[in-house]
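Engineer: give me the fold of what follows.
(one chain, ligands or ions: 1)
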Amino acid sequence: MTSVPATATDPTTLRAVYLDRLAASDEEGAVTVAVDALDAGVDPEVVLLDVVAGAQREVGERWAAGEWTVVQEHVATHISERVVAAVARRAPTPTPNGLGRVAVACLDGEWHGLPARLLAEVLTRYGWDVEFLGASVPAAHLATHLHRAGPDVVAISSSLPSRLPAARRMVEACRSTGTPVLAGGPAFGEDGRWARAVGADGWAPDARAAAAMLAAAPDGPWPTGGGTATGADDRGAREEQTVLHARRAELVGVAAAAVRPGAEVPDELADDLGHLVDFLAAAVFVDDPSLFEGFVSWVGTLAIPAGLRVDEVGPALDALAAALADSPRTARLLRDARAAHPTPAP
Ligand code: B12
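Structural biologist: Okay, the predicted model is just below:
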């Protein structure tokens, strides 16, 4: 166990100590680390973004490496949510300073609510009047809410690039109410290249940058991120993405039969293959092979027992390519990914 120096104020030490408390499922200890840091003069934003968010990213690494179970990750995330609430209670919240109102919502099907919650807390601290709408907000319900509540900006959050088609629907729903959309979270790419592709009005890499950007230009215009991906405006790309989603269950079955013939399909394998199809659909949608290749590299490194193994990735891609030969964009992405990922020697 990492001991807590009474005066620990540097973010790296605090994060290590905080992670220890998460690893021990010690909610009270984790809250104490955060509150003591505030009392020692550490900026609440540092506690939220460098300690809590930093620790959560490490939780994800440990899960992906098979060091932590899903249950350990769930417990840690629950504790972090409690810690964010404790920080909000302890550190006085400035009264809204007239900058305007922001609604923060996760995309439909996006259950990573904590990153959005952290963004909401940070914007509140910068004087915005923030309404946190939570995880997985359906686009149509968001539009209804925006008509009623009338915020100045909608901040949409997503961690999974596979949700980009949903991002496009969300942007269109916000547009129908005349509310500008700021996008953020890893779903939109490290440089925000897919924020532009789904039509967002702005993108920021993290909560600090979002706060600075909104303070500098509350009404926009805002930067929309790097890249030139525009596939979401392309009718052919949209059609192929729709086909992939409509055939998802069948494609998972085809790929599973190719990689483990005759065997019962465990949930973990079905989940991984389902994500493979979803990421393929998103890559087709924004017309960017790097999105799919990033996922293929990542899924092959996961240490999830019974999930898709690295030697099964190539055969799964081959099976999908055969089943999707009449979808030209999809077939091209599968071919390129396969060339970049030859089956490793046993
Ligand atoms: C906790 C967690 C979960 C929890 C989420 C619960 C919750 N209440 O949030 C649960 C269990 C639901 C979950 C589920 C899944 N997860 Co998960 N999860 C995580 C984990 C460990 C932590 C998330 C977190 O809190 N991050 C900390 C924050 C602060 O992250 P952040 O993105 O840096 O946030 C900042 C910016 O992005 C930005 N920002 C965020 N939103 C916005 C919005 C705007 C407008 C702006 C400007 C900025 C902005 O500001 C934030 C603060 O600076 C991450 C690991 C990770 N690296 O994040 C994996 C991770 C995101 N999950 C992952 C996966 C794969 C999944 C699942 C698919 C697993 C599965 N097999 O089912 C499902 C998908 C569920 C779904 N459909 O949404 C992968 C994604 C990999 C990939 N290739 O995309 C990750 C990266 C884990 C890993 N190491 O591989 N997960």
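
Engineer: list the neighbouring strands of the helix or strand where Ala155 lies plus their orientation.
Structural biologist: Element membership for Ala155 (DSSP states H and E) is strand 153-157. Sheet partners assigned to strand 153-157 using DSSP bridges are listed as strand 101-106 (parallel), strand 181-184 (parallel).

Engineer: partners of the residue in the chain positioned nearest to the ligand in the sheet?
Structural biologist: When C-beta to the nearest ligand atom is the measure, the chain has its nearest residue to the ligand at Gly184, with 1.9 Å between them. Placement of C-beta: from N, CA and C, glycine included. According to DSSP bridges, the residues that bridge with Gly184 are Ser157.

Engineer: which segments of the chain make up each domain?
Structural biologist: 11-90, 101-229, 232-340 (automatic domain parsing).

Engineer: tell me which of those sits most buried.
Structural biologist: Scoring those by mean neighbour count under mean count of other C-beta atoms under 10 Å gives domain 101-229 as the most buried, with a mean of 21.

Engineer: what about that one, distance to the chain center?
Structural biologist: The chain centre lies 12 Å from the centre of domain 101-229; the measure is C-alpha atoms, centre = their mean, to the nearest Å.

Engineer: what does stretch 76-92 give?
Structural biologist: Here stretch 76-92 is found 20 Å from its chain centre; the criterion is C-alpha atoms, centre = their mean.

Engineer: quick check: mean pLDDT across it?
Structural biologist: Per-residue confidence for stretch 76-92 averages out to 96 on the pLDDT scale.

Engineer: using PDB, write out every CA atom in it.
Structural biologist: Extracted as PDB, the C-alpha positions of stretch 76-92 are listed here (Å, rounded to 0.1, in the frame of the first residue of the first chain):
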ATOM      1  CA  ALA A  76     -13.600   1.700  -8.600                       C
ATOM      2  CA  THR A  77     -15.800   3.700 -10.900                       C
ATOM      3  CA  HIS A  78     -18.600   3.800  -8.300                       C
ATOM      4  CA  ILE A  79     -16.100   5.100  -5.700                       C
ATOM      5  CA  SER A  80     -14.900   7.700  -8.100                       C
ATOM      6  CA  GLU A  81     -18.400   8.900  -8.700                       C
ATOM      7  CA  ARG A  82     -18.800   9.300  -5.000                       C
ATOM      8  CA  VAL A  83     -15.500  11.200  -4.800                       C
ATOM      9  CA  VAL A  84     -16.600  13.600  -7.500                       C
ATOM     10  CA  ALA A  85     -19.800  14.300  -5.500                       C
ATOM     11  CA  ALA A  86     -17.700  14.800  -2.300                       C
ATOM     12  CA  VAL A  87     -15.400  17.300  -4.100                       C
ATOM     13  CA  ALA A  88     -18.400  19.200  -5.400                       C
ATOM     14  CA  ARG A  89     -19.700  19.400  -1.900                       C
ATOM     15  CA  ARG A  90     -16.400  20.400  -0.200                       C
ATOM     16  CA  ALA A  91     -15.100  23.000  -2.700                       C
ATOM     17  CA  PRO A  92     -17.400  26.000  -2.900                       C
END
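
Engineer: check whether it comes near the ligand.
Structural biologist: Yes: using C-beta under 6 Å from any ligand atom as the criterion, contacts between stretch 76-92 and the ligand involve Thr77.

Engineer: can you check stretch 119-131 too?
Structural biologist: Yes: taking C-beta under 6 Å from any ligand atom as the criterion, stretch 119-131 and the ligand are in contact, through Leu119.

Engineer: may I have that stretch as CSV, with CA atoms only?
Structural biologist: As requested, the backbone C-alpha atoms of stretch 119-131 are provided in CSV (Å, rounded to 0.1, in the frame of the first residue of the first chain):
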residue,chain,number,x,y,z
LEU,A,119,-16.7,18.0,-17.7
ALA,A,120,-19.9,19.2,-16.1
GLU,A,121,-18.1,19.8,-12.7
VAL,A,122,-15.2,21.7,-14.3
LEU,A,123,-17.5,23.9,-16.4
THR,A,124,-19.5,24.7,-13.3
ARG,A,125,-16.3,25.8,-11.6
TYR,A,126,-15.6,28.2,-14.4
GLY,A,127,-19.0,29.9,-13.8
TRP,A,128,-21.2,28.2,-16.3
ASP,A,129,-24.7,27.2,-15.4
VAL,A,130,-24.5,23.5,-16.1
GLU,A,131,-27.2,20.8,-16.4
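
Engineer: which residues outside that stretch are in contact with it?
Structural biologist: Applying C-beta atoms under 8 Å, 6 or more residues apart in numbering, the set of residues contacting stretch 119-131 from outside is 44-45, 48-49, 84, 87-88, 91, 93-104, 132, 149, 151, 155, 157, 184, 207-208, 210-211, 214-215.

Engineer: re earlier: tell me the confidence at the residue of the chain closest to the ligand?
Structural biologist: What the model reports as pLDDT for Gly184 is 98.

Engineer: before we move on, what about the one 5 residues further on?
Structural biologist: According to the per-residue confidence, Gly189 scores 95 in pLDDT.

Engineer: OK, contacts around it?
Structural biologist: Per C-beta under 8 Å, 6+ apart, neighbours of Gly189: 161, 195, 225-227, 291.

Engineer: cool, Tyr18 as well?
Structural biologist: For Tyr18, the residues meeting the contact criterion (C-beta under 8 Å, 6+ apart) are 30, 33-34, 51-52, 55.

Engineer: and for Glu110?
Structural biologist: Counting by C-beta under 8 Å, 6+ apart, Glu110 has contacts 135-136, 157-160, 163, 166, 187.

Engineer: fine by me, thanks again.
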